[in-house]
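Asks: sequence first, then the predicted structure:
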Amino acid sequence: MPNPPTINGMNSAAHALRYWERKQDVVANNLANVSTDGFKAQHVFGKLIDGMSPLAQATSDLSTGTLHDTGNPNDLAIRGDGFLVVKGENGERYTRGGSFHIDDKKQLVDADGLPLLGEKGPIKLADGPFSIGKDGEVTQSGSVVDKLRMESAPKGTELEREGNSLWVPPATRSVMKPETRDLRQGVLEESNVNSITSMIDMVAIQRSFSAVQKSIQELDKSNQTITTDIARPL
């Protein structure tokens, strides 16, 4: 049988500090984006290394935020599961929607100018009103322009985030069936960050961080006593 890992107080405390630092960064980012439409909160959990030291890992909360009507036909939101697809500089990316606009190429793009993709490519519109159905079908002047691509990720998949509103699609991608889609036009999805819970978490993190710092100080005093007093030759 392999020998059990040696427990070292200073190493354990250092791992704990890194864990609480990472958790503080995530909670602070959540709070900074409490008013960002479509933002998804992250939560940190500790994964034990060798059964002893916690390694901070973050997971995204993809639950739907509160939806509110805007009356702006360029605003899109998804109720329930699923993602829209935009064309980014480094390939296709997932988005939960947000405030889009029509650029000088007559394409429907997001706030960063990334084109929203349909089954035929970027959505291109003529002048005048248009409508988008809950299944993503885009119509204008009585004709179907295209149908927005909507995809979902396999259950349990942790998507890689890119910025505050995009995700890198997983290796295994799944097109949503029309009957499972629930896209809303003229609606925005608010951040799903709970500001009160996040503030409570921030206070708890700061207290835990201070407690670990105090333990390091006590360990340092103990080491000093061992090296300067107990180990002093008679």
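Replies: Yep, it's here. Residues are numbered from 1 along each chain as shown.
Asks: would you map out the domains in this protein?
Replies: For the chain, automatic domain parsing gives the domain ranges 9-61+193-226, 67-189.
Asks: these: lowest mean pLDDT?
Replies: For those, mean pLDDT drops lowest on domain 9-61+193-226, to a mean of 80.
Asks: thinking again about what came up before, possible to save the domains of the chain as JSON lines with mean neighbour count?
Replies: Any C-beta I mention is one placed from the backbone N, CA and C, and that applies to glycine too. Listed next are the domains of the chain as JSON lines, based on neighbours: other C-beta atoms under 10 Å:
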{"stretch": "domain 9-61+193-226", "mean neighbour count": "15"}
{"stretch": "domain 67-189", "mean neighbour count": "16"}
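Asks: what ranges do the helices span in the chain?
Replies: 9-32, 195-225 (DSSP state H).
Asks: so His43 is in contact with Thr59, correct?
Replies: Yes - using C-beta atoms under 8 Å, His43 makes contact with Thr59 at a distance of 5.7 Å.
Asks: who does the closest residue to Phe83 other than its chain neighbours bridge with?
Replies: Of all residues beyond its chain neighbours, the one nearest Phe83 is Tyr94 (3.7 Å), with distances taken as C-beta to C-beta, 6 or more residues apart in numbering. On the basis of DSSP bridges, Tyr94 is bridged to Val85, Trp167.
Asks: thought Tyr94 was touching Arg149?
Replies: No - Tyr94 is beyond contact range of Arg149, at 10.0 Å (criterion: C-beta under 8 Å).
Asks: between those two, which contacts overlap?
Replies: By C-beta atoms under 8 Å, 6 or more residues apart in numbering, Tyr94 and Arg149 have these common neighbours: 84-85.
Asks: much appreciated, bye for now.
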